[in-house]
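Q: kindly generate the corresponding structure for this input.
(chains A and B)
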Protein chains: 2
Amino acid sequence: MSELTLKAEKLDAADELAALRDRFVLDEGVYLDGNSLGALAAHVPERIADVVRRQWGELRIRSWTESGWWTAPERIGDRIAPLVGAAPGQIVVGDSTSVNVFKALVAAVRMAREQGSGGGDRDEIVVDATTFPTDGYIAQSAARMTGCALRPVTPAEVPGALSSRTAAVLLNHVDYRTGRLYDLPSLTAAVHAAGAYAVWDLCHSAGALPVGLDEHGVGLAVGCTYKYLNGGPGSPAFLYIRRDLQDRFDSPLPGWNSHADPFGMRSDYEPAASAIRGRVGTPDILSLLALEAALEVWDGVTVEAVRAKSLALTDFFLECVAAYVPAGRVECLTPPAHGERGSQVALRCPDAGDVMRRLIERGVVGDFRHPDVLRFGFTPLYVGFADVERAARVLAEELLG
Amino acid sequence: MSELTLKAEKLDAADELAALRDRFVLDEGVYLDGNSLGALAAHVPERIADVVRRQWGELRIRSWTESGWWTAPERIGDRIAPLVGAAPGQIVVGDSTSVNVFKALVAAVRMAREQGSGGGDRDEIVVDATTFPTDGYIAQSAARMTGCALRPVTPAEVPGALSSRTAAVLLNHVDYRTGRLYDLPSLTAAVHAAGAYAVWDLCHSAGALPVGLDEHGVGLAVGCTYKYLNGGPGSPAFLYIRRDLQDRFDSPLPGWNSHADPFGMRSDYEPAASAIRGRVGTPDILSLLALEAALEVWDGVTVEAVRAKSLALTDFFLECVAAYVPAGRVECLTPPAHGERGSQVALRCPDAGDVMRRLIERGVVGDFRHPDVLRFGFTPLYVGFADVERAARVLAEELLG
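A: The predicted structure follows:
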């Protein structure tokens, strides 16, 4: 037994979160793709079966009230809230991340313009040029539809790009490709100091590390729920609207679910007085309630504990890779500093596509990002240190083979 | 046994669709709210369980390709296509009806403007003022974001409201409240003759009656799938983009799923060359695949046969109501002419809210629409003539009681 195998054993033995693994359906492989699709929590199938057979099949239309369907978007938002550092009443769940980015960015531009001292002149949306593509595409559309110019810059260039023309800034908390964690508190403060609004994309941080939305005064944020929150394939995204901005949130998608009196069927639109105005159409109940069930695995678990384990996992993975993989065979894109690292490790090598195919055949599941990146996501709720050592060992074998 | 009970028996005995009822989970009551939430098809729970336990739980990320998750939006669109008279390759499923109305209306305005002879001056969106409220709210937002004025008129006033300024017209095929069916062919032709684009909302006609999208040259249409298509609570809506317009469909929500090369992760946006450009973000798999399973009840069933039975059901309901309910106690809002009737009957009475509560207590489930409307939806796949007679009889008792 190698030194690193022994170390993995010790780390697993000392891991206070180790028992959580039993809450999930896993196989004998190593699943390091929870940053793309989280694993299934073991109790979820039975809960979905109840939603389908009893709530839909037997109660049918009555479930909108009797099974709490109607209020699911905000109820589940409140369940996510503590995981991203938000007090209740500020998050609604529904629609895809892309649609929520659109709502948030357009609303941000409108808020920036309505305030005093030349707000009306604000005509730029700054966007992280390294972002997951959908954010850039949607930002382009939001800019076009609000009469703004889109200004793509690297995250490091954001502070220098801000001016009295900036209306909104779309930022990623963790880069989907490299796993780099950005400094949310200081970037938010810089954007606000410029009189603009930041929209944070939390897809790769929600459920992986503390976000501190309230603490850092973030105004608007969106995130997905099928990665570290394990909500299931394509489960609805969430939208955070800081409490004091809710009255000013002017949605470009004012569907009937966002109305103050949705069943009044009024022809005039009056937005709801809370984060509910971030809702749009009829909520997608099966996916929402699967997510709600999945969130129960967080009972008694803090995101701080998850973060501590996440850093230990990625540290250990980097240590194993350094020990097993010949120097120069891969290049690590993920920053070594804890303060700059999300919950994934990205390694670059020219044959990444082939390597990942072979890894998956051997039960080590990460993913490949065009053209040359191996991504490994570490979900502390169900990934252990022995998994990490094995993944690095198999990776080394395939890189040498 | 009354004359109408006997008649119901005969009608049920002659009903070629009667056996379809066994494909659904129903109870001893009469469910006349399928125009709000369709009933559960009996085979759907097992299919969802497989999606959850095997596709998500075991295959996890591999299911995006191996279980056909990625292509579900267009595959399921093709499954809906024959029910609304569309050839394959023109429908995608995803997002809510509200979000799809937004996509379609904005795209319609853009198409109207790009064409020759003063298209750029088109600055009005005409909307059915009696529409389901969300359509009006979303039309208002689409108008605001495209620099158009919103012009709400009654459907009868639409032809007279069209002009060289009209960019887009949002119309309902069947009114959600009264059940009135509008003349899709002639209204579409009038809108096109004015150089504008019609967007049809098919929420209350898809799966209830022949729509003939291709036949009547409709350009854009949206519809929901949880009413007569029985997709489940909040199941995703569909978007129809006529084939020859697909290259010109310029979506306001250009998420990464609509990209020509979605996994290229390119920073520049290049829309897909087909109806796929109506997609936005990651599709909601649980709800989509529940819908896909639900659509199997249509195997061997034509929408023409469904329509014939629907008219027979609503005719018989009106006959029973006329026989059982004292004249003047209720006012029928649904037109008597077949050509103007959808698949529901709306009755107005001052105490409608109370009456519907008592009906539901007795197992006759319709719904109430503020302030004074009783709605009864007739889904020919699972409603029979004895149900209809019983519903009218119980209604009469409660109206007299």
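Q: list the buried residues for stretch A:187-207?
A: For stretch A:187-207, the neighbour count (16 or more other C-beta atoms under 10 Å in any protein chain shown) marks A:187-188, A:190-192, A:194-207 as buried. Every residue, glycine included, has its C-beta placed from N, CA and C.
Q: among these, name the ones in helices.
A: The members of the buried residues of stretch A:187-207 that map onto helices under DSSP state H are A:187-188, A:190-192.
Q: make TSV out of the residues you listed and add distance to chain B.
A: TSV is the format used below for those (distance: C-beta to the nearest C-beta, whole Å):
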residue	distance to chain B
A:L187	20
A:T188	24
A:A190	23
A:V191	21
A:H192	26
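Q: what kind of secondary structure is A:Q55 in?
A: Judged by DSSP: H, G, I helix; E, B strand; the rest coil, the three-state class of A:Q55 is helix.
Q: scratch that, A:L374
A: The three-state label given to A:L374 by three-state DSSP is strand.
Q: quick one, what contacts it?
A: Going by C-beta atoms under 8 Å, 6 or more residues apart in numbering or on different chains, A:L374 touches A:330, A:346-349, A:352, A:355-356, A:359, A:366-368, A:395.
Q: looking at the residues you listed, which are in helices?
A: Residues of those located in helices (DSSP H): A:352, A:355-356, A:359, A:395.
Q: centre of the chain to the lengthiest strand in chain A, how far?
A: Ranked by residue count under DSSP state E, the longest strand found in chain A is strand A:166-172. Distance, stretch centre to chain centre, for strand A:166-172: 17 Å (C-alpha atoms, centre = their mean, to the nearest Å).
Q: what's it packed up against?
A: With contacts taken as 3 or more C-beta pairs under 8 Å, 6 or more residues apart in numbering or on different chains; DSSP states H and E, strand A:166-172 sits against helix A:97-114, strand A:124-128, helix A:133-146, helix A:184-193, strand A:197-201.
Q: using JSON lines, lay out the ones you listed together with mean pLDDT and distance to A:A290.
A: What follows is these, written out as JSON lines (pLDDT from 0 to 100; distance: least, C-beta to C-beta, whole Å):
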{"stretch": "helix A:97-114", "mean pLDDT": "97", "distance to A:A290": "17"}
{"stretch": "strand A:124-128", "mean pLDDT": "97", "distance to A:A290": "30"}
{"stretch": "helix A:133-146", "mean pLDDT": "96", "distance to A:A290": "23"}
{"stretch": "helix A:184-193", "mean pLDDT": "98", "distance to A:A290": "29"}
{"stretch": "strand A:197-201", "mean pLDDT": "98", "distance to A:A290": "23"}
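Q: deepest of the ones you listed, which one?
A: strand A:197-201 (a mean of 28; mean count of other C-beta atoms under 10 Å in any protein chain shown).
Q: note down every partner strand of that one and its orientation.
A: Paired strands of strand A:197-201, with direction, are strand A:166-172 (parallel), strand A:220-223 (parallel) (DSSP bridges).
Q: ok, the closest residue to chain B within the stretch 301-401 of chain A - contacts?
A: Of all residues in the stretch 301-401 of chain A, the one sitting closest to chain B is A:H370 (5.6 Å; C-beta to the nearest C-beta). A:H370 sits next to B:263-265 when contact means C-beta under 8 Å, 6+ apart.
Q: the residues you listed in strands, which ones?
A: Per DSSP E, those never map to strands.
Q: which of the residues you listed are close to chain A?
A: Restricting the contacts of A:H370 to those touching chain A (C-beta under 8 Å from any C-beta of the partner chain) yields B:263-265.
Q: any chance of those in TSV, plus distance to A:A8, pLDDT and neighbour count?
A: Converted to TSV, these look like this (distance: C-beta to C-beta, whole Å; pLDDT from 0 to 100; neighbours: other C-beta atoms under 10 Å in any protein chain shown):
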residue	distance to A:A8	pLDDT	neighbour count
B:F263	33	90	12
B:G264	37	89	14
B:M265	33	87	17
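Q: for the lengthiest helix in chain A, list every residue counted as buried.
A: Taking DSSP H as the criterion, chain A has its longest helix at helix A:303-324. Judged by neighbour count (16+ other C-beta under 10 Å), helix A:303-324 contains these buried residues: A:303, A:306-307, A:309-314, A:316-318, A:320-321, A:324.
Q: what's the most distant pair in those?
A: Spatially, the most separated pair among these is A:V303 and A:Y324, at 30.6 Å (C-beta to C-beta).
Q: check the stretch 251-400 of chain A for the residue nearest chain B and tell me.
A: For the stretch 251-400 of chain A, C-beta to the nearest C-beta, closest residue to chain B: A:G281, 2.8 Å.
Q: confirm that that residue sits in a strand.
A: No. Counting by three-state DSSP, A:G281 is not found in a strand; it is coil.
Q: can you name the residues that contact the closest residue to it other than its chain neighbours?
A: Nearest non-adjacent residue to A:G281, counting by C-beta to C-beta, 6 or more residues apart in numbering or on different chains: B:S96, 2.8 Å away. The contact partners of B:S96, by C-beta under 8 Å, 6+ apart, come to A:95, A:255, A:280-282, A:284, B:234, B:236-237.
Q: leaving out chain neighbours, which residue sits closest to the residue sitting nearest the centre point of chain A?
A: With distances taken as C-alpha atoms, centre = their mean, the residue of chain A nearest its centroid is A:C203 (1.8 Å). The shortest distance from A:C203 to any non-neighbouring residue, by C-beta to C-beta, 6+ apart, is to A:C224 (4.5 Å).
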